[in-house]
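S.K.: Everything below, folded, please.
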Amino acid sequence: MIPHCQLPSHIATGPHVSPFVSSPSHAGRAEDLHVPSSGSSAPFSVAPSADHAEASAGAEPRKHTTYPYVTGNSVLAIKYKDGVLMAADMLGAYGSTKRYKSVQRILRVNDTTIVGASGEISDFQYISNLLDELMTQDFCYDDGCTMTPKEVHAYLCRVMYNRRNKMDPLWNSLVVAGVDKTSGSFVGSVGMLGTSYTDSHVATSFGNHLSRPLFREFQRDDMSLEEAVSLMQEALRVLFYRDKTSINKYVLAKVESSGVAISKPFALDTKWDLKAFVNPSKHAVGSW
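M.R.: The predicted structure follows:
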């Protein structure tokens, strides 16, 4: 005969009551215990999600506006004798998928200014709406004055910094280029946190690492338009060979004192029969 065992007084003896409920190690964790709708009634522990933990701590839930989904890549801009040249491809990448292949990422602001953007496409669309409203307001003043590239650059710096201070930044790197009748050509960059600088050549994203070394060596403020186009195409070709989130479909935009001109989409001549491409797995043992 099995001797009767006296249970401790702090453990209930009901048929459907689990000792875990009253265990000191589980005190205060009732919200983590979930009872299945069928089968055993013994509770099981479920770790709270990150959103639930943040909400319990009084923090705001996750905002998907701070996670880029459809993004554009490098934007390049250089000065030349008569103005500024800007280039970008037309890819809108959904993660690493080349999803949208006709995305225009260079915007004409007015007769003297253009803006290019890399990063989240929807945020750039929001910025485009802001600039449209700004230009409409400028037009309604009808005072014979239009915003200069420097003023547009300063305005975008404030917009980006304002959103950064709200902890909801616009996920873009912007390039502002144009020609001012008094101060000449202008090229400037604005980062997603509101940081900015100006130079004779600017690049964003991967182009900041691959294209700017070429610009430092070959770009001159007094170069002709033909030389600028040739240099820009070479920089785009270097990027296309090495950047997986780019496509061979580009637009060129130029700003001169006579106005803004944006080209139709075009493709570069590429060469893939280089010696290193003939047998790419030669130096990668075990690869396909």
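
S.K.: which non-adjacent residue is nearest Val103?
M.R.: Once flanking residues are discounted, Val103 sits nearest to Gly92: 3.9 Å by Cβ to Cβ, 6 or more residues apart in numbering. Placement of C-beta: from N, CA and C, glycine included.

S.K.: Bridged to that neighbour, which residues?
M.R.: Gly92 forms beta bridges with Tyr100, as assigned by DSSP bridges.

S.K.: again with Tyr250
M.R.: The partner residues for Tyr250, given DSSP bridges, come to Asp89, Phe266.

S.K.: quick one: contacts for it?
M.R.: Neighbouring residues of Tyr250 by Cβ atoms under 8 Å, 6 or more residues apart in numbering: 87-90, 236, 265-268.

S.K.: mind running it again at 6 Å?
M.R.: By Cβ atoms under 6 Å, 6 or more residues apart in numbering, Tyr250 lies in contact with 87, 89, 236.

S.K.: ditto for Phe124
M.R.: By Cβ under 6 Å, 6+ apart, Phe124 lies in contact with 117, 172.

S.K.: Now it: which helix or strand?
M.R.: helix 121-141 (DSSP states H and E).

S.K.: Please spell out which residues along that helix are buried.
M.R.: 121-124, 126-127, 131, 134-135, 138 (16 or more other Cβ atoms under 10 Å).

S.K.: Mind putting the contacts of Tyr250 into TSV with pLDDT and distance to Phe215?
M.R.: Below are the contacts of Tyr250 laid out as TSV (pLDDT from 0 to 100; distance: Cβ to Cβ, whole Å):
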residue	pLDDT	distance to Phe215
Ala87	97	12
Asp89	96	17
Leu236	96	12
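
S.K.: From these, list the buried ones, please.
M.R.: Using 16+ other Cβ under 10 Å, the buried members of these are 87, 89, 236.

S.K.: I'd like to know how far the second one sits from Ala267.
M.R.: Translated: Asp89. Separation of Asp89 from Ala267 (Cβ to Cβ, to the nearest Å) stands at 10 Å.

S.K.: Quick check: buried residues in the host helix or strand of Phe240?
M.R.: When elements are assigned from DSSP H and E, Phe240 belongs to helix 225-242. Going by neighbour count (16+ other Cβ under 10 Å), the buried part of helix 225-242 is 228-229, 231-233, 235-236, 239-240.
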